[in-house]
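> okay, structure incoming, though there's no sequence with it:
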């Protein structure tokens, strides 16, 4: 066992890159195992492209790894979700995001995120809360906010987007390779 840079015991995940041994903090490895497939599913739904989503998730997790000691002093799920959202925002400005993100265009971001996680990925409020790093009460509030927007914009663009979300439900996370094209 080695000591990590913040002085704790690191029973990390050993990796090897061109003869260089790398040990990831065990807690970071667990975080990636817990959230990685759902991050991938969310990014894939938003970007509509497996490779682009995979790239965004890898970049976001790489940035989180660099920020890991600081993330541990607050709430890693919150930090990870913010980093993922920032990387997605950048990716959606390019050709990968051309014009299909109606839900996020018409509904405030947290409510739109909760709706995608619930309707397209099949997560319940506890799962949404775990992934976004919020309380289940906040997740419920954002789902109710989304529903309020749907009612206010009945029959329009948002209603069509909701049907598209429901049709995407096969994106549920059942395993590491469940989202491959």
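Looks like it came in fine. None of the values given here were measured: they were computed from a predicted structure. Residues are numbered from 1 along each chain as shown.
> now do the most centrally placed residue in the chain, the pLDDT please.
The chain has residue 39 as the residue nearest its centroid, 3.3 Å off, counting by CA atoms, centre = their mean. pLDDT recorded at residue 39 is 97.
> OK, contacts around it?
For residue 39, the contacting residues are 57, 60, 61, 80, 84, 131, by CB atoms under 8 Å, 6 or more residues apart in numbering. For the C-beta atoms, the positions are set from N, CA and C on the backbone; glycine is no exception.
> and the helix or strand where residue 32 lies, how far out from the chain middle?
In this assignment (DSSP states H and E), residue 32 forms part of helix 26-47. How far helix 26-47 lies from its chain's middle: 6 Å, per CA atoms, centre = their mean, to the nearest Å.
> what residues sit buried inside it?
Buried residues in helix 26-47, defined by neighbour count with 16 or more other CB atoms under 10 Å: 27-29, 31-32, 35-47.
> I'd like the next helix or strand past it.
Next along from helix 26-47, by DSSP H and E: helix 50-73.
> next, count neighbours for residue 80.
By other CB atoms under 10 Å, the residues close to residue 80 number 27.
> hmm, I typed the wrong one, I wanted residue 67.
14.
> tell me how far it lies from residue 157.
According to CB to CB, to the nearest Å, residue 67 stands 37 Å off from residue 157.
> now the residue nearest to the centre of the chain: how far from residue 93?
Taking CB to CB, one finds residue 39 at 19 Å from residue 93.
> model confidence over stretch 134-144, on average?
pLDDT averaged over stretch 134-144 gives 97.
> numbering from 55 from now on, please.
With the count now opening at 55, the last piece we talked about shows up as stretch 188-198.
> tabulate the contacts of residue 93 (TSV), appending distance to residue 197.
TSV is the format used below for these (distance: CB to CB, whole Å):
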residue	distance to residue 197
111	24
114	24
115	26
134	21
138	19
185	13
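> let me know the closest of the residues you listed to residue 175.
Checking the contacts of residue 93 against residue 175 with CB to CB, the nearest one is residue 185 at 8.9 Å.
> run through the residues that contact that closest one.
Contact analysis of residue 185 by CB under 8 Å, 6+ apart lists 89, 92, 93, 96, 131, 135, 171, 177.
> sec struct for it, please.
Following DSSP: H, G, I helix; E, B strand; the rest coil, residue 185 is assigned to helix.
> for the one 3 residues further on, same thing?
Going by three-state DSSP, the secondary structure assigned to residue 188 is coil.
> tell me which residues touch it, please.
132, 182.
> phi, psi of it?
Main-chain torsions, residue 188, degrees, to the nearest 10: phi -130, psi -180.
> and if you look at residue 175?
phi -100, psi -10.
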